[in-house]
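**Q** coords below, sequence missing:
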Ligand SMILES: NC(=O)C1=CN([C@@H]2O[C@H](COP(=O)(O)OP(=O)(O)OC[C@H]3O[C@@H](n4cnc5c(N)ncnc54)[C@H](O)[C@@H]3O)[C@@H](O)[C@H]2O)C=CC1
Ligand SMILES: CC(C)CC(=O)C(=O)O
Ligand SMILES: [Mg+2]
């Protein structure tokens, strides 16, 4: 069956890194038997400019017809002044919600070749392999009411709502327990239950799920401590499960342990295997147009797509091994070296991965 893949380059470095994913997918199609067709659509700021809204109906229709989606990144300063509904980031939240992509898997794995690029000492980080499971369609990014208003005394105030139902907590909890059962059987639920009722309920639901997974050890940690522990001794963790906001922040933090935010892929899954795959980083406007963004998080997101949505686990392994070989050969983009040291650009890194893939087959 031909897999229908929807490519959403987005904004700033988004199209630059998606061009490398396109190269990789076409190599997999031409030389490795991947049966897929690629379609392109607008999401984010480019969609506002082309079609007047960040998540156009045309993109939604194509998204619903596709088996998997690959996103670059959205956003940029030129759209920051728009009203909230028309901002690129709202487009991303809307597509996640419209497709029911509640389970965001963010693996932070350190390639041995990058141990010196990590912000932690090698003895603290070598062998790191953790998975952050982030709830993606609820919590404070979606809660109502939200807004900015003027009080009777003339002072403006802004408000957001952090709300979680037991149904939302249960389904992300199950996804996390199942992931932990497939890995080392250790699950740490991260919350702020000492202050927030939403976290109190979160913890209660996680506890209620635990008996169904006797092979998984469940523990709890407050998010402030978890942030500290991630940079103190990250290997104490296997799987972490947390809400939308905390997971967003902790995964950027975990990214640096692997050498760069340009290394972390992600999968955002519904309950039937459809997924949207994207690097954890944003659109990096500060480096866009220079051809220096690291495409590896995006190429590793393609590997996650192959594994989770296309049932092509062997091809996913090939891609991940090709990335490892390219790093072992010494190829580095600028984010992975000291300032001023020699580095290759986005396209050269993409070419290196495709060449490594072909060489391994020959
Ligand atoms: N999933 C998405 O589409 C996301 C979009 N954003 C949006 O991206 C824009 C920029 O946000 P920032 O807070 O600056 O976060 P960012 O992740 O885009 O950039 C943070 C820093 O990391 C660097 N960086 C990011 N990706 C890189 C890569 N592949 N290679 C080398 N360096 C890389 C950037 O140059 C920058 O210095 C904003 O409009 C924001 O809303 C932010 C996060 C996620
Ligand atoms: C830009 C956002 C909508 C969210 C974000 O930062 C993320 O999902 O990593
Ligand atoms: Mg983020």
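**A** Received it, and whenever you're ready, just let me know what you need. Note that this is a predicted model, so its numbers are computed, not measured. Residues are numbered from 1 along each chain as shown. Ligands and ions are numbered 1, 2, ... in the order given.

**Q** For the residue in the stretch 101-250 of the chain that ligand 2 sits nearest to, give its distance to residue 341.
**A** Nearest residue of the stretch 101-250 of the chain to ligand 2 (C-beta to the nearest ligand atom) works out as residue 248 at 4.9 Å. To be clear about C-beta, it is placed using only N, CA and C from the backbone, and glycine gets the same treatment. Distance of residue 248 to residue 341, computed by C-beta to C-beta, to the nearest Å: 31 Å.

**Q** again, but for residue 356
**A** Per C-beta to C-beta, residue 356 is found 22 Å from residue 341.

**Q** before we move on, back to that, and the closest residue to the residue of the stretch 101-250 of the chain closest to ligand 2 other than its chain neighbours, which of the three is it?
**A** Leaving aside its sequence neighbours, residue 248 sits nearest to residue 134 (C-beta to C-beta, 6 or more residues apart in numbering; 6.8 Å). Following DSSP: H, G, I helix; E, B strand; the rest coil, residue 134 is assigned to strand.

**Q** quick one, what contacts residue 134?
**A** Listed by C-beta atoms under 8 Å, 6 or more residues apart in numbering, the contact set of residue 134 reads 104, 106, 241, 242, 243, 244, 246, 247, 248, 251.

**Q** element containing the first one, please.
**A** Using DSSP states H and E, residue 104 sits within strand 103-109.

**Q** Can you name the residues that contact the residue in the stretch 151-300 of the chain positioned nearest to ligand 1?
**A** Relative to ligand 1, the nearest point of the stretch 151-300 of the chain is residue 282 (2.4 Å; C-beta to the nearest ligand atom). Applying C-beta under 8 Å, 6+ apart, we find residue 282 in contact with 73, 74, 75.

**Q** Could you rerun that using 10 Å?
**A** The contact partners of residue 282, taken as C-beta atoms under 10 Å, 6 or more residues apart in numbering, are 10-14, 72-76, 88-89, 92, 252, 261.

**Q** Where strands are concerned, which of those residues count?
**A** Mapping the contacts of residue 282 onto strands (DSSP state E) picks out 10, 72, 73.

**Q** As JSON lines, those with distance to ligand 1 would be great.
**A** JSON lines is the format used below for those (distance: C-beta to the nearest ligand atom, whole Å):
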{"residue": "10", "distance to ligand 1": "6"}
{"residue": "72", "distance to ligand 1": "7"}
{"residue": "73", "distance to ligand 1": "4"}
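
**Q** Present the residues you listed as CSV; the columns should include pLDDT.
**A** Compiled in CSV, the ones in strands among the contacts of residue 282 are given as follows (pLDDT from 0 to 100):
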residue, pLDDT
10, 98
72, 98
73, 98
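
**Q** hang on, the earlier thing: closest one of the contacts of residue 282 to residue 158?
**A** Proximity of those to residue 158 (C-beta to C-beta) peaks at residue 89, which lies at 16.3 Å.

**Q** related to what we said a few turns ago, compare neighbour counts for residue 248 and residue 341 and give me the winner.
**A** Shown here are residue 248 and residue 341; by other C-beta atoms under 10 Å, residue 248 has more neighbours (18 against 9).

**Q** Secondary structure class of the more buried one, three-state.
**A** Of the three states, residue 248 takes helix according to three-state DSSP.

**Q** Any buried residues in stretch 146-154, and which?
**A** Neighbour counts over stretch 146-154 (16 or more other C-beta atoms under 10 Å) mark no residue as buried.

**Q** Neighbours of the closest residue to ligand 2 within the chain, how many?
**A** In the chain, the residue that lies nearest ligand 2 is residue 89 (4.2 Å; C-beta to the nearest ligand atom). By other C-beta under 10 Å, 18 other residues sit near residue 89.

**Q** where along this protein do the helices fall?
**A** For the chain, the helices defined by DSSP state H occupy 13-31, 45-51, 57-65, 88-98, 122-125, 166-182, 197-209, 223-232, 244-257, 296-308, 313-328, 346-361.

**Q** So which of the ones you listed is nearest residue 4?
**A** Nearest of the helices of the chain to residue 4, taken as C-beta to C-beta: helix 57-65 at 6.3 Å.

**Q** How far does stretch 137-148 sit from its chain's centre?
**A** In terms of C-alpha atoms, centre = their mean, to the nearest Å, the centre of stretch 137-148 is set 20 Å apart from its chain centre.

**Q** brain fart, stretch 144-164
**A** With C-alpha atoms, centre = their mean, you get 29 Å for stretch 144-164.

**Q** please renumber so the chain begins at 11
**A** Understood, numbering begins at 11; the last thing we discussed is stretch 154-174.

**Q** hmm, it in reach of ligand 2?
**A** No. On the criterion C-beta under 6 Å from any ligand atom, stretch 154-174 is out of touch with ligand 2, staying 13.6 Å away.
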